[in-house]
Each structure stands twice: as structure tokens, then as C-alpha cells.
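Undergrad: Need a 3D model of the sequence below.
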Amino acid sequence: MVNPHREPLRRGFTLSAGDETVPTARRLVLSTVRDWCLPLPDETLDDLALLSSEVIANALRHATGPYSAVVSWTRARLRVEVADTARPFPTSHGGGPYAESGRGLSLVAALAADWGSTPTATGKTVWFEVAPHAPTSRLDRLAS
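TA: Below you'll find the model as predicted:
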């Protein structure tokens, strides 16, 4: 189904720290996108779920609240922004293939169409964008 909306779409929500924050926020992001009936293939929705989990988990791990997330559709890309109160910008720790953590930003860089971070008055916002694309092998995308 094609998005019937002519204007860009935007939805924000507040996140509270807790054991269920990441899965709950991931479900909110995905349900928002599904409610908008965006032309995104299942592969892109899978990437969206993974990348949302990574940036939300990083905010919870490295900052204190409050946290917020915004999902927006520009008619070309879907953007997810996660704001927190930590000042340092995210950096990749280059976790090896068997490390228990440290690979999140590598995944974001490999799977997102674009990503970055922006300073705010109270901390920073980390964002990523995904775009509709032709299905490709996930291994091919991660290898590039």
C-alpha cells in the first residue's frame, strides 16, 4: 500500500529507562511506520527494528534521562532520532566479532542510508535514516 499522505509525517514519544524500554520503543517505531502505510519492504523494516534498538540502547547505556525519540517520513527516507542528556558524541569501539558489545554503531553505519549526531541544549540527538531499496543480501550489505 502507498502512503496516502502528501505532507511529511512526524511522531515523537518519550522514553523512560527500564528493562522494557528498548523493546517497547522499537515496537512504537515499527507500529508508527506500519500505521503510516509506508512503502518499505520487510528487509527495511527489519533494519529499522535493529537500528532503533541499537541507538535507543546506547542512549540508555551512556546517559541519564530524559530520553525521547522522533520518527519522521520525508517521502524519501524514514528518519529516527533519539535524544538524551549525554554530551559526548557516539564513537565506535570496534568490538571484535566475539565481543558482547561495541558493534552497535558499526551496524548503524553499515545498514543505515545515513546517520549522525547533533548537539542539543541538554545533550545530543543520534539519528539514522533508512530508505526503500531493492532487496539485497544482508551479508552483502554488511560486507560493503
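Undergrad: Please count neighbours and contacts with C-alpha atoms only from this point.
TA: Will do.
Undergrad: Indicate each strand paired with the helix or strand hosting Ala83 and its parallel or antiparallel sense.
TA: Counting by DSSP states H and E, the element that carries Ala83 is strand 78-84. In the sheet, strand 78-84 lines up against strand 67-73 (antiparallel), strand 124-130 (antiparallel) (DSSP bridges).
Undergrad: And the contacts of it?
TA: The contact list for strand 78-84 (Cα atoms under 8 Å, 6 or more residues apart in numbering) reads 52, 55-56, 59, 63-73, 122-131.
Undergrad: So for that strand, mean pLDDT?
TA: Strand 78-84 carries an average pLDDT of 95.
Undergrad: Can you name the secondary structure element that comes next after it?
TA: Sequence order places helix 104-111 as the next helix or strand after strand 78-84, per DSSP H and E.
Undergrad: Convert the C-alpha atoms of that following helix to PDB, please.
TA: In PDB, the C-alpha atoms belonging to helix 104-111 read as follows (Å, rounded to 0.1, in the frame of the first residue of the first chain):
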ATOM      1  CA  GLY A 104      26.100  -1.100  17.500                       C
ATOM      2  CA  LEU A 105      27.500   1.900  15.600                       C
ATOM      3  CA  SER A 106      29.200  -0.400  13.100                       C
ATOM      4  CA  LEU A 107      25.700  -1.900  12.400                       C
ATOM      5  CA  VAL A 108      24.200   1.600  12.100                       C
ATOM      6  CA  ALA A 109      26.900   2.700   9.700                       C
ATOM      7  CA  ALA A 110      26.500  -0.500   7.600                       C
ATOM      8  CA  LEU A 111      22.800  -0.600   7.400                       C
END
